[in-house]
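**Q** below is the structure, and that's it, no one-letter string:
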């Protein structure tokens with residue numbers, strides 16, 4: 001793919017992700033205008049808004065898979081893996097803000113997202129087993145808190161560097177908000 005074609009595709013996918021997350025009925029024309037490309041170019045790549053949505057979901061899932069692989073959740077030291085994961089996932093969530101609930105209509109994508117969550121769940125269990133996270137918490141609470149902290153830092157503080165946001169997220173998750 002030519003550099004300009006790849007750049008245009010990235011602009012379409014990122015803009016589509018943002019606008020479709022805000023309003024799933026956003027038109028192709030609005031997405032094209034916001035992305036700075038022609039409507040014809042978008043239609044050449046995607047036959048419909050649904051096809052663009054599917055491409056955004058697929059691209060986000062691919063990006064999450066990369067983050068999971070790079071974080072080495074099953075082999076890196078827990079604190080290191082946690083920071084890598086959070087830093088990477090914040091960047092992905094910001095780039096492709098499609099809500100996971102918008103994936104429910106596509107069984108394959110939804111199953112893939114659930115598998116990704118299961119990998120994070122297994123990692124959080126590892127963190128509890130190794131004593132980095134309390135093991136007396138209700139089932140699923142550490143993972144739910146992690147997802148909420150990530151969402152908060154990704155959406156409410158979008159100008160923060162993902163690395164700095166990950167520092168805050170990991171520190172908050174592991175130490176809480178109280179004074180030491």
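**A** Arrived safely, thanks for sending. None of these values were measured; they are calculated from a predicted model.

**Q** pLDDT score for residue 55?
**A** On the pLDDT scale, residue 55 is placed at 94.

**Q** for the most centrally placed residue in the chain, give me its contacts.
**A** Central residue of the chain (CA atoms, centre = their mean): residue 93, 3.4 Å from the mean position. Residue 93 makes contact with 150-151, 154-155, according to CB atoms under 8 Å, 6 or more residues apart in numbering. (Each C-beta comes from the backbone N, C-alpha and C, glycine too.)

**Q** can you redo those residues as JSON lines with neighbour count, secondary structure and distance to residue 107?
**A** Output for these, formatted as JSON lines (neighbours: other CB atoms under 10 Å; DSSP: H, G, I helix; E, B strand; the rest coil; distance: CB to CB, whole Å):
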{"residue": "150", "neighbour count": "21", "secondary structure": "helix", "distance to residue 107": "25"}
{"residue": "151", "neighbour count": "15", "secondary structure": "helix", "distance to residue 107": "24"}
{"residue": "154", "neighbour count": "22", "secondary structure": "helix", "distance to residue 107": "26"}
{"residue": "155", "neighbour count": "13", "secondary structure": "helix", "distance to residue 107": "27"}
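
**Q** in which helix or strand would I find the residue nearest to the centre of the chain?
**A** helix 78-95 (DSSP states H and E).

**Q** the next helix or strand after that helix vs helix 78-95, what angle?
**A** The element immediately downstream of helix 78-95 (helix or strand, assigned by DSSP H and E) is helix 107-129. Helix 107-129 and helix 78-95 are oriented at 150 degrees to each other (axes from the mean of the first three to the mean of the last three CA atoms, to 10 degrees).
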